[in-house]
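> okay, sequence plus prediction incoming.
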Number of protein chains: 2
Amino acid sequence: MNPTIELLKSHRSIRKFTDRPVPRELLEELIRAGQAAATSSHVQAYSVIHVTNPAHREAIAELAGGQGYIARCADFLVFCADMKRPTEAAERTGARVVRGMTEQLLVASVDTALMAQNVAIAAESEGLGICYIGGIRNDPQQVSDLLGLPDHVFPVFGMCLGYPAQEPDVKPRLPVAAILKEDTYSDDREQVAAYDETMHAYYQGRKGGNKQSDWSRNLTPLFDTKLRPHMREFLVKRGFEMK
Amino acid sequence: MNPTIELLKSHRSIRKFTDRPVPRELLEELIRAGQAAATSSHVQAYSVIHVTNPAHREAIAELAGGQGYIARCADFLVFCADMKRPTEAAERTGARVVRGMTEQLLVASVDTALMAQNVAIAAESEGLGICYIGGIRNDPQQVSDLLGLPDHVFPVFGMCLGYPAQEPDVKPRLPVAAILKEDTYSDDREQVAAYDETMHAYYQGRKGGNKQSDWSRNLTPLFDTKLRPHMREFLVKRGFEMK
């Protein structure tokens, strides 16, 4: 196993950071590494807001469900799907632009994620820790207002960056045999059952708080309510109509 | 700059491959590296179909717009957003599951992209070349039929894998100043104009075919028609109702 694969496999979310700042040159280098990721038709449908305003960091920490490390980490980034830049660039060349297609929402969301994952890997390769923050979608309208996001741009997730002040365990993943399927989609209940045992043992033994659960039981709160039911209306209002 | 960041910044899509096969153990290691990526609430909402059936590879190459390397590369993977596994796992524990939320489409698409980007980086770290294939969304229903994808699973993109038989240029990206914004979304027309000059020079000078274009002009075909207008109906039919 080479050192890059070793690095990829050692990922765990970091939520406690030292006071050591991230040099500006390094931050820009991480973004450049992010931009080097593949992008659909070279559209580069993303923008990253570097949130330095302390009041905004506090507000986002609050609306994300009280995740104080959003306010305390060295740098906090909001990764946005951005269809404004490319559609307006095409319009300036005289193109008659169609907006609001479902496909465009997918392209921009995937572009943003590929880019962000490169930023995450680059950061970890420099000894930084990161934590994705999906909780900004608890109130994407307020986040958009704080960051002055225009139409055709929406906040997909945030990312905390900083030097780690904790060493959490790496969480076990589903067996490869569940994920990687040969030619056709195949049943994976057996692998899930085995994984539930793995996760049960993990939750009992892990550093930083054990609990009685497993993977399947842990998913209930994610699915037994309408998760973030405002997302559709929010996206439509911002120009992602999912036509 | 460390070797991992160097690797990230050297990415270019590979569309010509040698006959050298990718060992099965390496393929599984790439998937494990992929699974180590962050995942929303640990849901791991993805499956990867390893397409080995030559007739299916040919069919997908055709429907993706005549991309022959899909048939000829060492390995072809289809990355699927998978809400079937986690929702059914939750149901087996007794949860009453809500499906079809827009948020769930986002979670699964982002999870799939983060995972795939780790696979891409791991592959490139082992000297492999990769090419993402968004063209499978030209006919996602036919791809789903070929691969026997059930409801609540949809093909997001493909990926060609193999040892490179070409050495294409790295394509210039937008200036960092366009992408990375301080605290609020800011206008980037100036950076786009400078980038159009960069891309104009790139398209004139690049290996493997030059053309008269720039970034903005190149985007027209992406936006002047309803791109993949079937996506909404397809997703709704497969259980991603975007409620």
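That came in fine, so what should we check first?

> so how far is the longest helix along chain A off the chain centroid?
Among the elements of type helix in chain A, defined by DSSP state H, the one spanning the most residues is helix A:102-125. Relative to its chain's centre, helix A:102-125 lies at 8 Å (CA atoms, centre = their mean, to the nearest Å).

> which helix or strand lies directly C-terminal to that helix?
If you walk from helix A:102-125 toward the C-terminus, the next helix or strand you reach (DSSP states H and E) is strand A:129-133.

> doesn't A:C160 lie inside a strand?
Yes - in this structure, A:C160 lies within a strand as judged by DSSP: H, G, I helix; E, B strand; the rest coil.

> so is the helix or strand harbouring A:L30 next to chain B?
A:L30 belongs to helix A:24-35 when elements are defined using DSSP H and E. Yes - in this structure, helix A:24-35 sits against chain B according to CB under 8 Å from any CB of the partner chain; the contacting residues are A:27-29, A:31-33, A:35. From N, CA and C alone the C-beta is placed, and that goes for glycine too.

> after that helix, which helix or strand is next?
strand A:46-51.

> the domain parsing of chain A - what is it?
The record, using automatic domain parsing to delimit domains, assigns chain A the ranges A:3-168, A:169-224.

> which among the ones you listed is found nearest to B:R206?
Counting by CB to CB, B:R206 lies closest to domain A:3-168 out of the domains of chain A; the figure is 12.5 Å.

> the closest one: how far from the chain's middle?
Taking CA atoms, centre = their mean, one finds the center of domain A:3-168 at 7 Å from the center of the full chain.

> mind checking the SS state of A:E241?
A:E241 carries the three-state label coil when classified by three-state DSSP.

> before we move on, what about A:A90?
A:A90 ends up helix, using three-state DSSP.

> show the pLDDT at the closest residue to A:T220 other than its chain neighbours.
Closest residue in space to A:T220, ignoring its immediate chain neighbours: B:A95 at 4.2 Å, by CB to CB, 6 or more residues apart in numbering or on different chains. Note for B:A95: predicted pLDDT of 96.

> I'd guessed A:K181 sits against B:Y46; true?
No - in this structure, A:K181 sits apart from B:Y46 without contact. The criterion is CB atoms under 8 Å, and the distance is 11.1 Å.

> list the buried residues in the helix holding A:L30.
Within helix A:24-35, the residues that qualify as buried by neighbour count (16 or more other CB atoms under 10 Å in any protein chain shown) are A:26-27, A:29-35.

> mind listing residues that contact it?
Contacting residues not belonging to helix A:24-35 are listed as A:44, A:48, A:50, A:75, A:115-116, A:118-119, A:121-123, A:126, A:161, B:1, B:5, B:8-9, B:173-174, B:176, B:179-180 [CB atoms under 8 Å, 6 or more residues apart in numbering or on different chains].

> for the residue nearest to A:T220, phi and psi?
Summarising the backbone geometry of B:A95 under the convention degrees, to the nearest 10, its torsions are phi -70, psi 140.

> can you count the residues close to it?
For B:A95, the tally of surrounding residues (other CB atoms under 10 Å in any protein chain shown) stands at 18.

> you'd agree it is up against A:N218?
No - contact status for B:A95 versus A:N218: not in contact, 10.5 Å apart, counting by CB under 8 Å.

> what about the residue sitting furthest away from the middle of chain A, which SS state?
Taking CA atoms, centre = their mean, the residue of chain A most remote from its mean C-alpha position is A:G94, at 34.5 Å. Using three-state DSSP as the criterion, the local structure at A:G94 reads coil.

> now do the phi/psi pair for it.
As for A:G94, its main-chain torsions (degrees, to the nearest 10) stand at phi 100, psi 0.

> buried among the contacts of helix A:24-35? Make that a PyMOL selection.
Here is the PyMOL command that picks out the buried ones among the contacts of helix A:24-35, judged by 16+ other CB under 10 Å:
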select buried, (chain A and resi 44+48+50+75+115+116+118+119+121+122+123+126+161) or (chain B and resi 5+8+9+173+174+176+179+180)
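
> and A:F234, helix, strand or coil?
Counting by three-state DSSP, the three-state call for A:F234 is helix.

> residue contacts, it?
Applying CB under 8 Å, 6+ apart, we find A:F234 in contact with A:140-141, A:154.

> the same query, at a cut-off of 6 Å, please.
A:140-141 (CB atoms under 6 Å, 6 or more residues apart in numbering or on different chains).

> distance-wise, check it relative to A:P86.
Going from A:F234 to A:P86 by CB to CB, to the nearest Å gives 21 Å.

> circling back to that earlier point, so the helix holding A:L30 versus strand A:129-133, what angle?
Using axes from the mean of the first three to the mean of the last three CA atoms, to 10 degrees, the inter-axis angle of helix A:24-35 relative to strand A:129-133 is 60 degrees.

> one step back: what residues does the longest helix of chain A touch?
Identification of contacts with helix A:102-125 by CB under 6 Å, 6+ apart yields A:7, A:30, A:33-34, A:37-40, A:45-46, A:79, A:81, A:83, A:130, A:156, A:161, A:240, A:242, B:2, B:4-5, B:8, B:109-110, B:113-114, B:117, B:121, B:227-228, B:231-232.

> and these, which of them are buried?
With neighbours counted by 16+ other CB under 10 Å, the contacts of helix A:102-125 contain buried members at A:7, A:30, A:33-34, A:37-40, A:45-46, A:79, A:81, A:83, A:130, A:156, A:161, A:240, A:242, B:4-5, B:8, B:109-110, B:113-114, B:117, B:121, B:227-228, B:231-232.

> please save the CA atoms from the helix-or-strand element of chain A with minimal mean pLDDT in PDB.
Across the helices and strands of chain A, the lowest-confidence element by mean pLDDT, DSSP states H and E is helix A:220-223, at a mean of 93. C-alpha atoms of helix A:220-223 as PDB (Å, rounded to 0.1, in the frame of the first residue of the first chain):
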ATOM      1  CA  THR A 220     -33.300   5.500  12.100                       C
ATOM      2  CA  PRO A 221     -33.200   9.200  12.900                       C
ATOM      3  CA  LEU A 222     -32.000   9.900   9.400                       C
ATOM      4  CA  PHE A 223     -35.000   8.200   7.800                       C
END
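
> return the set of buried residues in it.
By neighbour count on 16+ other CB under 10 Å, the buried set for helix A:220-223 is A:220, A:222-223.

> which of those residues lies closest to A:Y203?
For the buried residues of helix A:220-223, the minimum distance to A:Y203 (CB to CB) is 14.2 Å, reached by A:T220.

> A:A45 versus that closest one, what's the distance?
For A:T220, the distance to A:A45 under the criterion CB to CB works out to 34 Å.

> over to A:L235?
14 Å.

> same question, A:C131
As it turns out, when the distance is counted by CB to CB, A:C131 lies 24 Å from A:A45.

> pLDDT of the helix or strand hosting A:A71, averaged?
Taking DSSP H and E as the definition, one finds A:A71 inside helix A:69-72. Average pLDDT, helix A:69-72: 98.
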